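Engineer: Dropping the sequence and predicted coords here.
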Amino acid sequence: MPLTRILAVDDEPFNLEIIEEILLDLDFELKMVSSGPECLSIVEEFAPQVILLDVSMPQMNGYEVCRKLKANPSTANIIVMFVSARGTVEERMEGYAVGAEDYIVKPFGQDELKSKLQILNQVLIEKKSLEQQVEEATSTAFNAMANSSEMGQIVNYIESIGMINNTKALGEALVHCLRLFDLQGNVEFRARMDAPEHFALNGTCSPIVIELFDMLKSKGRIHEFSHRILVNYELISLLILNMPDHDPDKHGRIRDHVCFIVSVTEQQLRAIMTREALQSQQAKLNDAITMVNSKFHSLIELLNENHKSNEAVFKCLQEELEQRIPSMGLDEDQEVFIYQKVDQAIQKSVARVESVQGVKAAFHEIEQDLSILLKK
């Protein structure tokens, strides 16, 4: 039971003997003194839970002793029971005024004193239980406030990395987030397996840490050793060097926070990698479209040059025939035959020109489609 130490204070040895006899068969550690000053001199060292304090004593009466006990933070919580030959309402009120918890009037019987001590014992039990509840509630409240503050930092981190579009800035943001939790950490990004990126508070990771990342990256999600923890995801490994082992509740929270932070960071890293891959593909597509467009223009220019060349050839042929046929001594049928052949050749050339115009129109449509792709 909580009540184990009692201090009895009375200037009459006979009264102390009665108290000692009553409490003899109880499992209490009893100490007895004969004055108020003596009580005050030993009370902190003895640390009683209950003081049986006589009211009428020379040098310093019980009320003065009680005032000093209650004024001292080290002794203020000790239960004081006044022991007096007088038990008037006024005296009891004065005892209450100076901070006493109980009052017993001399002469008292064995059962009365034991009964009052049992009640005080129950008070101590309930007080201890209440203190424990308060301590647990306070601890829960502080943990809740700490967790709320930590979650606020995590939310800010998640919002901030959504705007990051390169791996270097993302790694630096992760290290900064760890610093907000007073954590020292090393980070490995494996966006490129042939060239992992490393980040640390001091800017560089030691060779042994890099080797550790390589050895343990495929050995499971979490490794805890000493006051360190290694968290592995597919593209990210994080090594924390100073986990708060002195505080199990904080240790558990930080471990959960770290795993969540790495998970969110990996999703953003994947988004950056996807964006970079799309940008690379777009650049290659732009180059291909530019090359095809250039070849189309070269081909159209070639067709135009060919058309101009054909026109010049037929014009030259027509002029030459108009000059030479009259002097060739041909009859009319022969002249008509030659002119028909030339005309047929010209018609075939015109048909080819119309076909070329169709090809040009198709090229123009393709060019417009390629322009749309470039804009996308």
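Structural biologist: Looks like it came in fine.

Engineer: All the strands of the stretch 51-200 of the chain, residue numbers only.
Structural biologist: Remark: strands assigned in the stretch 51-200 of the chain by DSSP state E, counting those that start in this stretch are 79-84, 102-105, 185-189, 197-200.

Engineer: would you turn the ones you listed into a markdown table with distance to Leu3?
Structural biologist: Backbone N, C-alpha and C define where each C-beta goes, glycine included. Listed next are those as a markdown table, based on distance: least, C-beta to C-beta, whole Å:
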| stretch | distance to Leu3 |
| --- | --- |
| strand 79-84 | 9 |
| strand 102-105 | 13 |
| strand 185-189 | 51 |
| strand 197-200 | 57 |
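
Engineer: Rebuild those as TSV, extending it with distance to Glu29 and mean pLDDT.
Structural biologist: TSV is the format used below for those (distance: least, C-beta to C-beta, whole Å; pLDDT from 0 to 100):
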stretch	distance to Glu29	mean pLDDT
strand 79-84	15	90
strand 102-105	20	87
strand 185-189	53	91
strand 197-200	58	90
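
Engineer: Dump these into TSV; add mean neighbour count and distance to Thr167 as well.
Structural biologist: Formatted as TSV, the strands of the stretch 51-200 of the chain follow (neighbours: other C-beta atoms under 10 Å; distance: least, C-beta to C-beta, whole Å):
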stretch	mean neighbour count	distance to Thr167
strand 79-84	22	66
strand 102-105	18	73
strand 185-189	23	6
strand 197-200	18	6
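
Engineer: State the distance from the spatially most central residue of the chain to Arg221.
Structural biologist: Centroid-nearest residue in the chain, with C-alpha atoms, centre = their mean: Ile154, separated by 3.6 Å. For Ile154, the distance to Arg221 (C-beta to C-beta, to the nearest Å) stands at 19 Å.

Engineer: Show me what the longest helix along the chain is packed against.
Structural biologist: Secondary structure of the chain per DSSP state H: the longest helix is helix 248-324. For helix 248-324, the packing partners by 3 or more C-beta pairs under 8 Å, 6 or more residues apart in numbering; DSSP states H and E come out as helix 110-161, helix 167-180, strand 222-225, strand 228-232, strand 236-240, helix 332-375.

Engineer: which of those has the lowest average pLDDT?
Structural biologist: Ranked by mean pLDDT, those end with helix 332-375 at the bottom, a mean of 66.

Engineer: where does Lys31 fall, helix, sheet strand or coil?
Structural biologist: Following DSSP: H, G, I helix; E, B strand; the rest coil, we place Lys31 in the strand state.

Engineer: 776 is where my numbering starts, stick with that
Structural biologist: Fine by me, first position is 776 from now on; the one you just mentioned is Lys806.

Engineer: where does it land on pLDDT?
Structural biologist: On the pLDDT scale, Lys806 gets 93.

Engineer: shouldn't it be in contact with Thr779?
Structural biologist: No - with contact defined as C-beta atoms under 8 Å, Lys806 does not reach Thr779; the gap is 11.8 Å.

Engineer: neighbour-wise, which of these two wins?
Structural biologist: Looking at Lys806 and Thr779 with other C-beta atoms under 10 Å, you find the greater number of neighbours at Lys806, namely 17 against 13.

Engineer: With Glu813 as the reference, measure out to that one.
Structural biologist: 10 Å.

Engineer: got the domain boundaries for this protein?
Structural biologist: 780-909, 918-1050, 1052-1150 (automatic domain parsing).

Engineer: list the contacts for Leu1044?
Structural biologist: Thr942, Leu945, Phe964, Ala966, Leu1010, Ile1011 (C-beta atoms under 8 Å, 6 or more residues apart in numbering).

Engineer: again, 10 Å this time
Structural biologist: 936, 939, 942, 945-946, 949, 964-966, 1008-1011, 1037 (C-beta atoms under 10 Å, 6 or more residues apart in numbering).

Engineer: neighbour-wise, which of those leads?
Structural biologist: Leu949 (25 neighbours).

Engineer: Next, find the distance separating that one from Met968.
Structural biologist: Counting by C-beta to C-beta - Leu949 and Met968 are separated by 19 Å.

Engineer: just to revisit the earlier point, which residues do Lys806 and Glu813 both contact?
Structural biologist: By C-beta under 10 Å, 6+ apart, the residues touching both Lys806 and Glu813 are Val784.

Engineer: In contact with Ile1015, which residues?
Structural biologist: 953, 956, 958-961, 999, 1002-1006, 1029-1030, 1033.

Engineer: who's it bridged to?
Structural biologist: Beta-bridge partners for Ile1015, by DSSP bridges, are Gly960, Ile1004.

Engineer: do you know how far it is from His998?
Structural biologist: In terms of C-beta to C-beta, Ile1015 sits 11 Å off from His998.

Engineer: Overlap in contacts, those two.
Structural biologist: Ile1004, Leu1005, Val1006.

Engineer: Next, count neighbours for the second one.
Structural biologist: So that's Leu1005. Around Leu1005 there are 21 residues (other C-beta under 10 Å).

Engineer: about what we covered before: make TSV out of the contacts of Leu1044 and add distance to Lys881.
Structural biologist: Output for those, formatted as TSV (distance: C-beta to C-beta, whole Å):
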residue	distance to Lys881
Ile936	77
Ile939	82
Thr942	85
Leu945	81
Gly946	80
Leu949	75
Phe964	83
Arg965	85
Ala966	87
Tyr1008	77
Glu1009	82
Leu1010	83
Ile1011	78
Val1037	73
